[in-house]
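**Student:** sequence first, then the predicted structure, then my questions.
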Amino acid sequence: MSKKKAFALRINEEMLKAIEKWAADEFRSTNGQIEWMLMQYLKEYNRQPKPKTNKNDEK
């Protein structure tokens, strides 16, 4: 599993409320919803991060 890094995000109140509602509709946390949205956008533009290989798995 990849390590997560915290950072501050400034977002307008109306947008945050819309994301919070969408997250609740999808049974996700607000943070989880934002991560999901970002990953969908990265996939759409073929910019998703490459998985790291574990040298211990290469036996």
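**Tutor:** Great, that's in hand. Keep in mind that this is a model prediction, so the values were computed, not measured.
**Student:** give the buried residues for the longest helix along the chain.
**Tutor:** Determined from DSSP state H, the single longest helix within the chain is helix 30-44. Using 16 or more other C-beta atoms under 10 Å as the test for burial, helix 30-44 gives 33-34. In short, each C-beta sits where N, CA and C put it, glycine included.
**Student:** cool, and stretch 4-22?
**Tutor:** Buried, per 16+ other C-beta under 10 Å, within stretch 4-22: Ile19.
**Student:** packing partners of the longest helix of the chain?
**Tutor:** Packed against helix 30-44, as judged by 3 or more C-beta pairs under 8 Å, 6 or more residues apart in numbering; DSSP states H and E, are the following elements: helix 13-25.
**Student:** orientation of the helix it packs on relative to helix 30-44 in degrees?
**Tutor:** Put simply, helix 13-25 runs at 90 degrees to helix 30-44, going by axes from the mean of the first three to the mean of the last three C-alpha atoms, to 10 degrees.
**Student:** could I have helix 13-25 exported to CSV, CA atoms only?
**Tutor:** Only the C-alpha atoms of helix 13-25 are listed here, as CSV (Å, rounded to 0.1, in the frame of the first residue of the first chain):
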residue,chain,number,x,y,z
GLU,A,13,-17.5,26.5,0.6
GLU,A,14,-20.1,25.6,-2.1
MET,A,15,-17.7,23.2,-3.8
LEU,A,16,-16.9,21.5,-0.5
LYS,A,17,-20.6,21.1,0.3
ALA,A,18,-21.2,19.5,-3.1
ILE,A,19,-18.3,17.1,-2.6
GLU,A,20,-19.5,16.3,0.9
LYS,A,21,-23.0,15.4,-0.4
TRP,A,22,-21.5,13.3,-3.2
ALA,A,23,-19.3,11.5,-0.7
ALA,A,24,-22.2,10.8,1.5
ASP,A,25,-24.2,9.5,-1.5
